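[1] Need a 3D model of the sequence below.
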Amino acid sequence: MATAKSHSRKKRLWLWAIVLVVALLGAAWLAWGEGLRKTGGVGSAYAARVACSCRFVAGRDLDDCAKDKLEGMELISLSEDAEMRSVTASIPFVASDTARYREGYGCMLDEWRD
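    Coordinates of the predicted model:
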């Protein structure tokens with residue numbers, strides 16, 4: 001049977017494990033975050049524009065368009081707004097970009113904001 005002392009010890013162990021994981025994630029973000037944000041931004045912008053053209057110019061289903069993503073773009077998710085004729089590509093916590101279909105121009109990225 002577990003004692004109060006062993007429960008307290010397990011709780012402290014879990015707390016230290018969580019603190020360690022958060023610290024490691026923070027260190028990784030400091031080390032690689034800026035590069036990840038920049039390359040993620042380029043990848044999400046590319047994926048949004050290509051998927052928008054696939055969906056609203058070629059008329060393919062968005063699930064079929066997702067097959068066109070390049071190797072290394074597995075983390076990018078696609079979503080569409082049929083009413084706005086737009087596709088948003090995003091990498092959670094890193095980057096998100098939207099491309100909209102405009103008659104006569106095709107798909108164009110929304111203006112980037114820093």
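[2] top helix in the protein by residue count?
    Ordering each helix of the chain by length in residues (DSSP state H) puts helix 4-52 first.
[3] so after that one, what's the next helix or strand?
    helix 62-65 (DSSP states H and E).
[4] Can you name the residues in contact with whatever helix or strand comes next after that following helix?
    Counting by DSSP H and E, the next helix or strand C-terminal to helix 62-65 is strand 77-81. If you take Cβ atoms under 8 Å, 6 or more residues apart in numbering as the criterion, strand 77-81 is touched by 47-48, 51, 55, 62, 65-66, 86-92. Using the backbone N, CA and C atoms, a C-beta is placed for each residue, glycine as well.
[5] Need the mean per-residue confidence for strand 77-81.
    For strand 77-81, mean pLDDT is 96.
[6] and that strand, which strands flank it?
    In the sheet containing strand 77-81, its partner strands are strand 86-91 (antiparallel), by DSSP bridges.
[7] where does the closest residue in space to Asp110 that isn't next to it in sequence land on pLDDT?
    Spatially, and ignoring its direct neighbours in sequence, Asp110 is nearest to Thr98 (4.7 Å; Cβ to Cβ, 6 or more residues apart in numbering). pLDDT for Thr98: 96.
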